[in-house]
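Colleague: structure of the sequence below:
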Amino acid sequence: MFKIQHHVTSAVIALSLSVTTMHVNAGADPISATILEFANSNTLFVADSDLGQIFAYSLPSAPSTKTSESYNLEGAGTKIASLLNVSPTAVNYHDIAIHPTSKEAYISVSYLSANQKVSAVIKANQKGEFTKVNLNKYKHTVKALTKTADNAVKFWRDIPATTLTITDLDYVDGTLYVSSLSNGEFASTLRKVEYPFSDSDTSSNIEIYHTVHNQTETRAPIRAMEVINLDGVETVVAAYTCTPLVTIPTSSLSDGAHVKGKTIAELGYGNTPLDVIHFTATDHTQKQEDFVLVINKERSADLIRVADLTKANKAQGLSTPEMWAKAGVPTRPVPLSGVLQAADQDAQFIATLKRNITTGDIDLVSFRKGAYFRLNDFISEYNFKDYQYYPEQEMFRHFQNLLKTDAGYPELTRELAKEAQK
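Modeller: Presented below is the predicted three-dimensional model:
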């Protein structure tokens, strides 16, 4: 499999692109479809990192899904590869976004065809139907970014800097936040782009203190982020490689500004964060609470209470080295192993592209918020037919029945009900 993304430690990038906003009715697809983000049910943003552009597509209206249903599509990678007429090992997965009303999954991929890299967006539903999205048939506008990276710089010999031109997108109330790698000495850049697109935008250089490296850093870009409200202050919660967690108030982002983010946590060395997701879920006391989930490439995911984020954001922040242990805001590790990309699906689920550690294939599966594991991924004491639930474990029996239904095994809950009646 060819490589697209990797850890960045430093870069001197050498090319600037002039700002251009193109209003287009039809045209070519993005050269590199990487990060995806929905603005609403009819607008899909597709990042083109190779050319430093963001496409905004006007999609047709889609029917609303009234019920919450888990994705259980094992072997999705093989189906996607067959759709693209390539080997499964030729496909690289970049992002997943869930349509706000239909709950269909949009998946951005790149793949090798005749030794050339080709990009595509795949759409899937819970029934297991996969289609390649013909983007150029939809009306769209394009925003070209300024001072972006070019291929003159490569990491690990063959990874071009342009793969990090756009590392994440988050849309909030008419503003598209874009984390990126730019040229110049302060290469870590956070942009605010108005939508509908115009000729104006805001580009700020970001500086952080990295506890593991024990130095101030201005080069490596934000890898994953989410804009959330922390005690009334709109704030970018950003995760970097190796893995500092940083807060940046959006009010500090002005054009040409040099902004210092506050490092509120160190989540562990040797890791690349993949997604930062904000949602409401039931906590251990059965109360609804706001959480942030940081999904990692090399580590367990980190579940963080927004209340703890808010408290940490009011404090001074980390300013001393921490080489090996976690530091800062308290987190709870959750077992989302093998997840490649994730997206907030609905009030009940998080949708993921996950590597199946048994088959090696890519699965499109959902995890229930509050559980963060799939019961069918392992066999435990509860699976044995002669297992007896004590009265105080009744809540666990109901919860496990729910997870069995989520995983596509509703008949097993009926079997347990029959056993309980004997």
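Colleague: any chance of the backbone angles for Pro60?
Modeller: Geometry field for Pro60 lists phi and psi as phi -70, psi 160, criterion degrees, to the nearest 10.
Colleague: that one - how many residues pack around it?
Modeller: The tally of other residues near Pro60 (other Cβ atoms under 10 Å) stands at 7. Every C-beta, even on glycine, is put in place using the N, C-alpha and C of the backbone.
Colleague: same question, Phe396
Modeller: The burial count assigned to Phe396 is 12, neighbours taken as other Cβ under 10 Å.
Colleague: for the closest residue to it other than its chain neighbours, grab the count of nearby residues.
Modeller: The shortest distance from Phe396 to any residue that is not its chain neighbour, by Cβ to Cβ, 6 or more residues apart in numbering, is 7.0 Å, and that residue is Tyr389. Tyr389 is surrounded by 16 other residues when neighbours are defined as other Cβ under 10 Å.
Colleague: look up how far Ala220 lies from Asn313.
Modeller: Per Cβ to Cβ, to the nearest Å, Asn313 is found 22 Å from Ala220.
Colleague: list the contacts for the residue most central in space within the chain?
Modeller: What sits nearest the mean C-alpha location of the chain, by Cα atoms, centre = their mean, is Asp275, with 3.2 Å. For Asp275, the contacting residues are Ala224, Leu293, Val294, Ile295, Gln341, Ala342, Ala343, by Cβ atoms under 8 Å, 6 or more residues apart in numbering.
Colleague: could you do Ala124 as well?
Modeller: The neighbours of Ala124, taking Cβ under 8 Å, 6+ apart as the test, are Tyr71, Leu73, Ala76, Glu104, Ala105, Ile107, Phe130, Thr131, Leu364.
Colleague: if we can go back for a sec, with respect to Glu234, which of the contacts of Asp275 is nearest?
Modeller: Here the nearest of the contacts of Asp275 to Glu234, counting by Cβ to Cβ, is Ala224; it sits at 17.8 Å.
Colleague: count of residues packed around the closest one?
Modeller: Ala224 has 26 neighbours, counted by other Cβ under 10 Å.
Colleague: repeat that for Lys287.
Modeller: Neighbour count of Lys287, defined by other Cβ under 10 Å: 7.
Colleague: next one: Lys117
Modeller: Lys117 is surrounded by 15 other residues when neighbours are defined as other Cβ under 10 Å.
Colleague: likewise for Ile54?
Modeller: Ile54 is flanked by 26 other residues according to other Cβ under 10 Å.
Colleague: gap between it and Asp308?
Modeller: Distance of Ile54 to Asp308, computed by Cβ to Cβ: 33 Å.
Colleague: same check on Phe349?
Modeller: As it turns out, when the distance is counted by Cβ to Cβ, Phe349 lies 24 Å from Asp308.
Colleague: who has more neighbours out of those two?
Modeller: Neighbour comparison, Phe349 and Asp308: the larger count goes to Phe349, with 23 against 17 (by other Cβ under 10 Å).
Colleague: quick check: bridge partners of the closest residue in space to that one that isn't next to it in sequence?
Modeller: Taking Cβ to Cβ, 6+ apart as the measure, Phe349 lies nearest to Ser366, with 4.0 Å between them; neighbours along the chain are not counted. Judged by DSSP bridges, the bridge partners of Ser366 are Ala351.
Colleague: and the strands in the stretch 301-422 of the chain?
Modeller: Across the stretch 301-422 of the chain, reading from the start of the chain, the strands by DSSP state E, counting those that start in this stretch fall at 301-305, 327-328, 332-334, 339-344, 349-355, 362-368.
Colleague: using TSV, lay out those strands together with distance to Glu194.
Modeller: Listed next are these as TSV, based on distance: least, Cβ to Cβ, whole Å:
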stretch	distance to Glu194
strand 301-305	30
strand 327-328	33
strand 332-334	36
strand 339-344	24
strand 349-355	29
strand 362-368	33
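Colleague: so which of those strands gets nearest Asp29?
Modeller: Of all the strands of the stretch 301-422 of the chain, strand 339-344 sits nearest to Asp29, with 19.9 Å by Cβ to Cβ.
Colleague: quote the end-to-end distance of stretch 346-365.
Modeller: Taking Cα to Cα, to the nearest Å as the measure, stretch 346-365 stretches 13 Å from start to finish.
Colleague: ugh, wrong one, stretch 306-323
Modeller: When the termini of stretch 306-323 are compared using Cα to Cα, they are 25 Å apart.
Colleague: the strands of the stretch 301-422 of the chain: which one's closest to Ser41?
Modeller: Ser41 lies closest, by Cβ to Cβ, to one member of these: strand 339-344, at 14.6 Å.
Colleague: which residues sit against the closest one?
Modeller: Residues outside strand 339-344 that contact it (Cβ under 8 Å, 6+ apart): 93-98, 105, 107, 274-275, 277-279, 293, 295, 301, 336, 350-355, 362.
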